[in-house]
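Enquirer: Task: produce atomic coordinates for the following.
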Amino acid sequence: MVRTADKIVGMLSSTKKELDAIILNFLPTSHSVSEIDMLYKMMKDYPSRGGKGLRGAMCLLWCELFGGKRESALVSAAALELFHNWILIHDDIEDNSDLRRGAPTLHKQYGIALSINAGDALHGKMWELLLKNKESIGEHTALKILYEFSRMLNETTEGQHMELGWIEGGKWDISEADYLLMVTKKSAWYTCISPARIGTILAGTLDERRENDILQKIVDFGIDLGISFQIIDDLLNLEGKQEKYGKEILGDIFEGKRTLALMHLLKNASREDRFLVLECLSKSRADKTNSDVERIFRLMRESGSLEYARKLASKFSESALSRFDLIVSEARKEDTEVAKTTRALVEFLTKRDF
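Expert: I've put the predicted structure just below:
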């Protein structure tokens, strides 16, 4: 019998190929001017590297969950993947990351200026792709989807600015509530909340009152799921296998990321250990040594910080599943195959190892 996780991985892989084909066929391919031709090549780089395709798959599943046609959600699902890719280009620059999906980040290959511009170009193409919705789902629904993308962008950049502000300001006295708010904005909206809301709207089967009720419930569900997803992602950065994770292991410590495990360590460490941790974290990435970073990781493990983060991720995961069950139960969809698949994806997001 094929394990549920394997089925989800297979579903994600086939969906990603379908959405990648839409994206790569939509993006420009070549130009007679060499500099513009390079831009087109850079724009296709991240979308060509693979990835999980979680956001697009989530959108398609929620559309089908409420009786919508998959075809009506393909453009928006592809646009969600475009959003993810241009956000990653900028995020890698802001974090000075080395690896993305198992290969050097775009700015490590082409430089910061060109990579920022390529990210901007993908951003513009995302809106252009969304305008195609008008042809297939009508102007009214297309405008609703544009509004959802606009809100997703606002929430995501606010969360990113919180995190960057902490780093730029050298701020370490961050509470758990601060972290959870940042994660909600930076990760939960564009990974969980918006894809599910967009899919539900695209189903087109609900009256306005019922749709609004479900969209609000999705926010609560998505916050819990997104928090759990990000905590797991932070833990994978510390404990995962690079060949599966696709990013630099312990990179968050090198970059000085404010993660839940790090916040817990700083709160519970001895005065001497806290001083040593902050001394290391205050260094630039280039000045941090492997031994510095590995010591911080060892202290996280010894202080119970990793286990604390795992338990909190599990708590939010269980809450997300309960909220999902309530949504599908009230809609009388719990016995459908798509509801079972969507629930399995929710579980996968918080139990994955890559």
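Enquirer: residues contacting the residue nearest to Glu18 when sequence neighbours are not counted?
Expert: Here the nearest residue to Glu18 in space, its sequence neighbours aside, is Leu74; by Cβ to Cβ, 6 or more residues apart in numbering that works out to 7.4 Å. The C-beta positions use only the backbone N, C-alpha and C, and glycine is treated the same way. Residues touching Leu74, when contacts are defined by Cβ atoms under 8 Å, 6 or more residues apart in numbering, comprise Glu18, Leu19, Ile22, Leu60.
Enquirer: give the contact list for the second one.
Expert: It refers to Leu19. Counting by Cβ under 8 Å, 6+ apart, Leu19 has contacts Gly53, Gly56, Leu74, Ala77, Ala78, Glu81.
Enquirer: hang on, the earlier thing: next structured bit after the helix or strand in which the residue nearest to Glu18 is found?
Expert: Secondary-structure element containing Leu74, defined by DSSP states H and E: helix 74-95. Proceeding N to C from helix 74-95, the next assigned helix or strand is strand 99-100, under DSSP H and E.
Enquirer: ok but Phe316 is inside a helix, no?
Expert: Yes - according to DSSP: H, G, I helix; E, B strand; the rest coil, Phe316 belongs to a helix.
Enquirer: got the residue ranges for the helices in the stretch 1-150 of the chain?
Expert: If you assign secondary structure with DSSP state H, counting those that start in this stretch, the helices in the stretch 1-150 of the chain sit at 4-26, 34-45, 54-65, 74-95, 106-110, 112-131, 133-137, 139-168.
Enquirer: on that earlier part again, for the contacts of Leu19, which one is nearest Leu312?
Expert: Leu312 has its nearest neighbour among the contacts of Leu19 in Gly53, at 26.7 Å by Cβ to Cβ.
Enquirer: can you count the residues close to the closest one?
Expert: Number of residues near Gly53 (other Cβ atoms under 10 Å) recorded here: 24.
Enquirer: Repeat that for Thr289.
Expert: Other residues near Thr289 number 11, with proximity taken as other Cβ under 10 Å.
Enquirer: can you give me phi and psi for it?
Expert: Phi and psi for Thr289, reported as degrees, to the nearest 10, are phi -100, psi 160.
Enquirer: Give me the helices and strands touching the longest helix that the chain contains, please.
Expert: Taking DSSP state H as the criterion, the chain has its longest helix at helix 208-239. If you count contacts as 3 or more Cβ pairs under 8 Å, 6 or more residues apart in numbering; DSSP states H and E, helix 208-239 packs onto helix 176-183, helix 194-203, helix 251-255, helix 260-268, helix 305-330, helix 337-349.
Enquirer: which of the residues in that helix are buried?
Expert: When neighbours are counted by 16 or more other Cβ atoms under 10 Å, the buried residues of helix 208-239 are found to be 211, 214-215, 217-219, 221-239.
Enquirer: Also compute the angle for it relative to helix 305-330, please.
Expert: Between helix 208-239 and helix 305-330, the angle formed by their directions is 160 degrees, by axes from the mean of the first three to the mean of the last three Cα atoms, to 10 degrees.
Enquirer: Distance from helix 208-239 to the middle of the chain?
Expert: How far helix 208-239 lies from its chain's middle: 11 Å, per Cα atoms, centre = their mean, to the nearest Å.
Enquirer: for the stretch 1-150 of the chain, what are the low-confidence residue spans?
Expert: Where the stretch 1-150 of the chain drops to pLDDT under 70, the residues are 1-2.
Enquirer: do that again at 80, thanks
Expert: Low-confidence segments of the stretch 1-150 of the chain, defined by pLDDT under 80, span residues 1-3.
Enquirer: Please report the distance of Glu163 from Leu299.
Expert: Taking Cβ to Cβ, to the nearest Å as the measure, Glu163 and Leu299 are separated by 22 Å.
Enquirer: How about the contacts made by Ala286?
Expert: Per Cβ under 8 Å, 6+ apart, neighbours of Ala286: none.
Enquirer: In terms of helix, strand or coil, where does the residue nearest the centre of the chain fall?
Expert: Nearest to the geometric centre of the chain sits Thr191, at 4.4 Å (Cα atoms, centre = their mean). Assigned state for Thr191: helix (three-state reduction, three-state DSSP).
Enquirer: Is it in contact with Ile227, as I believe?
Expert: No - taking Cβ atoms under 8 Å as the definition, Thr191 is not a contact partner of Ile227, at 10.3 Å.
Enquirer: Quick one: closest of the helices of the stretch 1-150 of the chain to Ser314.
Expert: Closest approach to Ser314 among the helices of the stretch 1-150 of the chain (Cβ to Cβ): helix 4-26, 16.6 Å.
Enquirer: And the closest one, what's buried?
Expert: The neighbour-count check on helix 4-26 (16+ other Cβ under 10 Å) flags Ile8, Met11, Leu12, Thr15, Lys16, Glu18, Leu19, Asp20, Ile22, Ile23, Phe26 as buried.
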